[in-house]
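[1] pasting a predicted model and its sequence here:
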There are 2 protein chains.
Amino acid sequence: MARSSTLSPERIVDTASSLISERGLAGFSMRKLAVALDVTPMTLYLRFDNKEALLTEVASRNLQGIRVSIRDDDPWEQRVSALATGLRAHLVADRNLLQLYAQSDQISSTTLAAVDLGLGLMEEAGLAGEAAVAAFRVVFWHAVGSALVLAALGDLPANQGTAIVAALTTTEASERTARLGPYFGPVDADEQFQYATHCLVTGLASDIASSADSAARKELS
Amino acid sequence: MARSSTLSPERIVDTASSLISERGLAGFSMRKLAVALDVTPMTLYLRFDNKEALLTEVASRNLQGIRVSIRDDDPWEQRVSALATGLRAHLVADRNLLQLYAQSDQISSTTLAAVDLGLGLMEEAGLAGEAAVAAFRVVFWHAVGSALVLAALGDLPANQGTAIVAALTTTEASERTARLGPYFGPVDADEQFQYATHCLVTGLASDIASSADSAARKELS
DNA sequence: ACCTGAACACCGTTCAAGT
DNA sequence: ACCTGAACACCGTTCAAGT
């Protein structure tokens, strides 16, 4: 009879995930996890090769939950932007876990319903095969990159803003940089992302349109 | 008389920097640094509050070396792309140090000649004040985000490519995703970045142009 | 088969003491 | 003023032994 107390790998990953989410990656240790599960540290090593393997599993499991939904009647640019925003929002939702993704090499090796959605958008724009995948990658990594930047900068955009002003004005700043320095105030990371995404998607659309043109010209000649 | 053996903070930071660069951040410790400097660990704590403060100093010092040069006679889009590419190249140059930047909250608080260059490009495009800074930020964080993505994924794009194919085909993949799965092969990270940068800069240029239009319209009415 | 206690080789950091 | 030895409270991981 399978005792309910049997320590399944799933329960280990679950507990590790909530410990990290609650107290942060820096405060996480195999020993604390063992205490939380009421076992000896060694017991964990019977399920996972080492700490890194366990963390990879935690990251992978958490990323599988990504779901993004967009409104079908919106224009193309807006739907692509919504996809990027949704992806980023999921990654950013839990700072402690995001920190984990950045160390686990696993972002791309998880199943994403969002991948299918994104590929659909690219095919709708007229791209096929490798070109569709390449265009999707641009949007996908844009969202991931923005999330990683946010994680790297921590939760103190105000602090960061003042810091750059200080750096820009103390050193041999050019007239231009000194003049624009004050505008390096606190950034609204979401607003910043929206602007960047708008530019990226606009550029992507125009690139797709112009390569469709040149393909059409090629067919005529 | 100042003995040459006096342990300056600079020498500590220098040694820490090369230890991390050579053997990686994971293998770095205050004790090993102390051995390398032939002092007691405690001596380091007389100069720095703790390990984190020392690492922040290392990151900050390394980022101050960023220099990007672009060709003045290239078209605007190309120069902006070159700026982004140069920034990213510097960040990516040393993987071990990049890992460090991602943890140090310091990317933006260092002096960058590149900042001045980027701001100049935005003013040249007709942007002023806050709008110039916002546009520059888009390009800057695009480069940083891409570098962080690269660091997060490690040096194994081939591996990563096959992993996503496996994930896409094993699960309930839609017809579309299964069909496009094979195109998720190994990615050339630099090529990927070039494409994304091209889209971003194209979109930025068109956004600048269209807001100049609407500003002109406003002035006429 | 599954789990444990004790140990090894490390950490970051601090104390009281030396010169 | 500047540096040290010894210690504290942790780590990840492994061994040999238990049931």
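    Perfect, thanks for sending it.

[2] residue A:75 is in contact with residue A:82, correct?
    No - if you go by Cβ atoms under 8 Å, residue A:82 and residue A:75 don't touch, sitting 10.6 Å apart. Using the backbone N, CA and C atoms, a C-beta is placed for each residue, glycine as well.

[3] give me the neighbour count for residue A:179.
    Neighbours of residue A:179 under the rule other Cβ atoms under 10 Å in any protein chain shown: 15.

[4] now do the SS call for it.
    Secondary structure for residue A:179, judged by DSSP: H, G, I helix; E, B strand; the rest coil, is helix.

[5] which helix or strand in chain A has the lowest average pLDDT?
    helix A:157-170 (a mean of 45; mean pLDDT, DSSP states H and E).

[6] any idea how far the longest helix seen in chain A is from the chain center?
    In chain A, taking DSSP state H as the definition, the longest helix is helix A:189-220. Using Cα atoms, centre = their mean, to the nearest Å, the distance from the centre of helix A:189-220 to the centre of the chain it belongs to is 22 Å.

[7] just the CA atoms of stretch A:178-195, as CSV, please.
    Output of stretch A:178-195 as CSV, limited to C-alpha atoms (Å, rounded to 0.1, in the frame of the first residue of the first chain):
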residue,chain,number,x,y,z
ALA,A,178,24.2,66.8,-18.9
ARG,A,179,21.2,68.5,-20.5
LEU,A,180,19.2,65.3,-20.9
GLY,A,181,20.3,63.9,-17.5
PRO,A,182,17.3,65.1,-15.6
TYR,A,183,15.0,63.1,-17.9
PHE,A,184,16.6,59.9,-16.7
GLY,A,185,14.2,59.9,-13.8
PRO,A,186,12.3,56.9,-12.5
VAL,A,187,11.0,54.6,-15.3
ASP,A,188,7.6,52.9,-15.4
ALA,A,189,8.9,49.5,-16.6
ASP,A,190,5.5,48.6,-18.0
GLU,A,191,5.2,51.8,-20.0
GLN,A,192,8.7,51.4,-21.2
PHE,A,193,7.9,47.9,-22.4
GLN,A,194,4.8,49.0,-24.1
TYR,A,195,6.7,51.6,-26.1
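
[8] is any part of it close to chain B?
    Yes - Stretch A:178-195 lies within reach of chain B by Cβ under 8 Å from any Cβ of the partner chain, at A:180, A:183-184, A:187, A:192, A:195.

[9] out of those residues, which is nearest to chain B?
    When the residues of stretch A:178-195 next to chain B are ranked by distance to chain B (Cβ to the nearest Cβ), residue A:183 comes first, at 4.1 Å.

[10] how about the contacts made by that closest one?
    Listed by Cβ atoms under 8 Å, 6 or more residues apart in numbering or on different chains, the contact set of residue A:183 reads B:129-130, B:132-133.

[11] how near is it to residue B:69?
    Separation of residue A:183 from residue B:69 (Cβ to Cβ, to the nearest Å): 25 Å.

[12] how about residue A:203?
    25 Å.

[13] tell me which of these two has more neighbours.
    residue A:203 (24 against 11).

[14] ok, for that one, nearest residue in space, not its chain neighbours?
    Closest residue to residue A:203 apart from its sequence neighbours, by Cβ to Cβ, 6 or more residues apart in numbering or on different chains: residue B:203 at 3.0 Å.

[15] for chain B, what is the nearest residue in chain A?
    Closest point on chain A to chain B, by Cβ to the nearest Cβ, is residue A:145, at 2.5 Å.

[16] grab the nearest non-local neighbour of that residue.
    Spatial nearest neighbour of residue A:145, excluding adjacent residues (Cβ to Cβ, 6+ apart): residue B:145 at 2.5 Å.

[17] can you tell me the helix or strand for that neighbour?
    Assigned by DSSP states H and E, residue B:145 belongs to helix B:129-153.

[18] and chain A, which residues reach DNA strand C?
    A:6-7, A:39-43, A:46 (Cβ under 7 Å from any atom of the strand).
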